[in-house]
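[1] just need the structure, nothing else, for what follows:
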Amino acid sequence: MAMNHTRRDWLRAAASAVSGAYLAGTTVGRAADAPTAPVALARCKTYNPAELTPALQKMFDQLGGLGKLVNGKTVAIKINLTGSPTYRLGYEPLENTHYTHPAVVAATAQLLAKAGARRIRVLESPWATAEPLGEYLLRANLEPRDILGAAPNVEFENTNYLGFAKKYSRLTVPFGGYMFPAFDLNHSYEDCDVFVSIAKMKEHATAGVTLSMKNCFGITPCTIYGAGAGIDEPSELPKGGRNLIHSGYRGPSKSAPQEKDPKSPRLDTWRVPRTVVDLVAARPIHLAIVEGVKTMTGGEGPWIDEETTAVAPGVLVAGLNPVNTDAVAMSVMGFDPMADRGTPPFERCDSIVKLAEAAGLGTRDLSRIEVIGPKIAEVRFDFAAIRKQRRSMPRPPMGTRG
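    Numbers count the residues shown, from 1 in each chain. Down below sits the predicted model:
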């Protein structure tokens, strides 16, 4: 994807490449023609701006520079603040385990502004709340001013509900969708020229891994897709998690586009990967960043019923195509991006990267992806080996795990 393409250009191209509507669960079969773009890797051992900012700058330069992508434009950045701010993995700060680290967000905002971004909007739909995003960060013991002060044109919006707009934006899935033909989302996901996803490098209990694409599962507002969503119209305030998508026990608010096939499997390991691909097709990612300076093994958060450990891979991944970027990030984690259901990390679930490739969004084939910077083997942190060892050990009884 050329760096000066707008969202509308991207949608037209995607619609042309993947024409027609496909039933949920079918294979689109466009893998051989799925697009590819370079992916940059960098070692980065700390969140110190003196190390972090130059590492990101070099990666962005290797990808062709941010200027052609963002100069004079509104940029939206989706971060990841999964789970309640009260959750902790031992005594580790949330940003060292499962939240996108504010230093990465701030450094990215600073470099976007330096490249000419007119406006930068930091977005997230935090757990079942409509409180201002800055207040939520404070509850997580994070300082919002570190992000807001990174550039003169940075602002926050909680996209878990209607927010500052008078109506939701309807974004359609160009290839017809696996699960949903379109989504009703906070206006911020439409009112931007460039969309950036900054994800934490982690495993995931439902989706195998959570990287730049899975990060976009959180763009769905809980007022429409949450457990307490209104039946006919969106609720005024978000209530509950996104159980409607996970289990399909009921549909979203009736005013929003409904699931294509009400008889599709009610398994979260089937539904979530397909919904993620639909969301990424409807709201394309122009710049994908996967942050693995510090993170955790065992799942996406401390609440996971598996042995979890804080780790420091010391790596950053960035690319212009989220499928390519996530495929490289998977390899950095020791996983095969060509893996299918039944193979780690997709023992229980369908592969997001495979489904995205089949929908024509990007290739997962490493032989077709140019990797810039150090070789994958040189920065690999073997989540796969840790996973294998963890699952080979006898598990303590429920209620005795720390």
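[2] mind listing what the closest residue to Tyr99 other than its chain neighbours touches?
    Among residues not flanking Tyr99 along the chain, Leu81 sits closest, at 5.3 Å (CB to CB, 6 or more residues apart in numbering). Quick note: C-beta positions are derived from backbone N, CA and C, even for glycine. Neighbour list for Leu81: 94, 99-100, 124, 126-127, 136-137, 140 [criterion: CB atoms under 8 Å, 6 or more residues apart in numbering].
[3] one more time with 6 Å
    Residues near Leu81 by CB atoms under 6 Å, 6 or more residues apart in numbering: 99, 124, 126.
[4] out of these, grab the one that's most surrounded.
    Pro126 (26 neighbours; other CB atoms under 10 Å).
[5] quick check: it touching Tyr136?
    Yes: between Pro126 and Tyr136 there is a contact under CB atoms under 6 Å: 4.8 Å.
[6] for the residue nearest to Tyr99, grab phi and psi.
    Main-chain torsions, Leu81, degrees, to the nearest 10: phi -130, psi 60.
[7] check Leu111 too.
    According to degrees, to the nearest 10, Leu111 has phi -70, psi -30.
[8] from Ile79, how far off is Thr46?
    Taking CB to CB, to the nearest Å as the measure, Thr46 and Ile79 are separated by 19 Å.
[9] could you do Pro257 as well?
    From Pro257 to Ile79 the distance is 26 Å (CB to CB).
[10] ends of stretch 229-238, what's the gap?
    The straight-line separation of the ends of stretch 229-238 (CA to CA, to the nearest Å) is 7 Å.
[11] my guess is Leu316 meets Cys44, correct?
    Yes: the pair Leu316 / Cys44 is scored as a contact, 5.1 Å apart, by CB under 6 Å.
[12] compare the two (neighbour count), which wins?
    Leu316 (26 against 22).
[13] wasn't Phe156 part of a strand?
    Yes: with DSSP: H, G, I helix; E, B strand; the rest coil as the criterion, Phe156 is part of a strand.
[14] partners of it in the sheet?
    On DSSP bridges, the residues paired with Phe156 through beta bridges are Val122.
[15] what do you get for Ser169?
    Leu185.
[16] and Pro397, what's its pLDDT?
    With respect to pLDDT, Pro397 scores 53.
[17] that older thread, any common contacting residues for Leu316 and Cys44?
    Ala55.
[18] need the per-residue pLDDT for Ser125.
    95.
[19] could you look up the SS state of the closest residue to it other than its chain neighbours?
    Among residues not flanking Ser125 along the chain, Asn160 sits closest, at 3.9 Å (CB to CB, 6+ apart). Recorded secondary structure, Asn160: coil (three-state DSSP).
[20] any low-confidence regions in the protein?
    Where the chain drops to pLDDT under 70, the residues are 1-30, 395-402.
[21] quick one, strands of it?
    For the chain, strands defined by DSSP state E occupy the ranges 39-43, 74-78, 119-124, 154-158, 169-172, 182-185, 194-200, 202-204, 208-210, 287-292, 295-297, 309-311, 315-319, 371-372.
[22] how much space between Gly65 and Leu320?
    11 Å.
[23] between the two, who's got more neighbours?
    Neighbours were counted for Gly65 and for Leu320 using other CB under 10 Å; Leu320 has more, 24 against 14.
[24] isn't the more buried one up against Pro35?
    No: Leu320 lies out of contact with Pro35 (CB under 6 Å); the separation is 9.6 Å.
[25] who touches both of those two?
    Counting by CB under 6 Å, 6+ apart, nothing touches both Leu320 and Pro35.
[26] skipping adjacent residues, who's closest to the residue positioned nearest the centre of the chain in space?
    The centroid of the chain falls nearest to Asn215 when counting by CA atoms, centre = their mean (1.9 Å). Using CB to CB, 6+ apart and skipping the chain neighbours, the partner closest in space to Asn215 is Ala199 (4.0 Å).
[27] contacts only, for the one you found.
    Counted by CB under 6 Å, 6+ apart, Ala199 has contacts 80, 211-212, 215, 290.
[28] what's the neighbour count on the residue nearest to Ser125?
    Residues near Asn160, counting by other CB under 10 Å: 29.
[29] so it sits against Pro238, correct?
    Yes: applying CB under 6 Å as the test, Asn160 and Pro238 come out as touching, 4.4 Å apart.
[30] now do the shared contacts for these two.
    Joint contacts of Asn160 and Pro238 (CB under 6 Å, 6+ apart) are Cys222.
[31] format the strands of the chain as a markdown table; extra columns: distance to Arg274.
    Below are these laid out as a markdown table (distance: least, CB to CB, whole Å):
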| stretch | distance to Arg274 |
| --- | --- |
| strand 39-43 | 24 |
| strand 74-78 | 19 |
| strand 119-124 | 23 |
| strand 154-158 | 26 |
| strand 169-172 | 16 |
| strand 182-185 | 13 |
| strand 194-200 | 18 |
| strand 202-204 | 15 |
| strand 208-210 | 13 |
| strand 287-292 | 19 |
| strand 295-297 | 26 |
| strand 309-311 | 30 |
| strand 315-319 | 22 |
| strand 371-372 | 28 |
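[32] His246: which of the ones you listed is closest?
    Proximity to His246 (CB to CB) singles out strand 202-204 among those, at 12.4 Å.
[33] the closest one pairs with which strands?
    Here, using DSSP bridges, strand 202-204 pairs with strand 208-210 (antiparallel).
[34] what does the strand it pairs with contact?
    Looking at what lies outside strand 208-210 - CB under 6 Å, 6+ apart - the contacts are 202-204, 300, 345-346, 349.
[35] how far is it from where the chain is centred?
    Strand 208-210 sits 10 Å away from the centroid of its parent chain (CA atoms, centre = their mean, to the nearest Å).
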